[in-house]
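[1] Predicted structure and sequence below. I'll ask about it afterward.
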Amino acid sequence: MTSAIEKNADPYKSSSFIGISLWMCPIGAAGEAYTKIIQEAAEEYGTFDFKVPHVTLVAALLSDNVVERARELATRMTPYEFESDGISGRDAYFQSVYSKMKTSEEVKRNNAIAREFFEDDCQTNPPYVPHLSLVYGDLDANQKEEFKLKILQNQTTLPSKFMVDAIQVWCTKGEVDTWYCIEKIPLTGKKI
């Protein structure tokens, strides 16, 4: 497996990760609905129940001052919306099955601000594919298709849109069961 530290490597294929990650977490009923989907999948497929649904803003940050810089970043962003664009997946532990998010102008803008802000700290820099993972694990192709079909047949459980109003700073070093939230920082920027 490729080392996750190599610039532009794909750290999502391993069950272990590196650095600090900035997450955008759905609030309210949408967060609860995604949590339920993740828990049910974990029970059914024996995968890890990571409990915190999120869309990664940037990941694999290694500098010592990520929290301080994330606080400053939050002053340049306002609460914004993600909209689901179907169910997908790939051969990657952290992206086994996920809800694709539409790449709206607001989503692109906020990711661009964050990437520019942490340009020298990102240890990986793949193209931004906004998504909310529903399964962390190594499911085979049949299991992925079965799970996607269940979600699509019960569209009412998958929120079509959700708001985010804070950056959650997570230590994502090592195995997923050792990850923890360092700080939740409200988005306090002014609308443009």
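    In hand now; what should we look at? Numbers count the residues shown, from 1 in each chain.

[2] what about the protein, any weak spots by pLDDT?
    1-16, 123-125, 155-156, 192 (pLDDT under 70).

[3] in it, which helix has the most residues?
    The single longest helix within the chain, with elements called by DSSP state H, is helix 28-45.

[4] So which residues lie in contact with the next helix or strand after it, not counting its own?
    Proceeding N to C from helix 28-45, the next assigned helix or strand is strand 55-61, under DSSP states H and E. Contact partners of strand 55-61, identified using C-beta atoms under 8 Å, 6 or more residues apart in numbering, comprise 4, 11, 17-25, 82, 101, 110-111, 114-115, 118, 121-124, 130-132, 164, 167, 172. C-beta here means a position set from N, CA and C on the backbone, and glycine is covered the same way.

[5] Please repeat the previous calculation with a cut-off of 6 Å.
    For strand 55-61, the surrounding residues in contact (C-beta atoms under 6 Å, 6 or more residues apart in numbering) are 18-24, 82, 114, 118, 121, 123-124, 130, 132.

[6] Most neighbours of all the residues you listed, which one?
    Counting neighbours by other C-beta atoms under 10 Å, Met24 leads those with 28 neighbours.

[7] which secondary structure elements does the longest helix of the chain contact?
    Packing contacts for helix 28-45, counted by 3 or more C-beta pairs under 6 Å, 6 or more residues apart in numbering; DSSP states H and E, involve strand 131-135.
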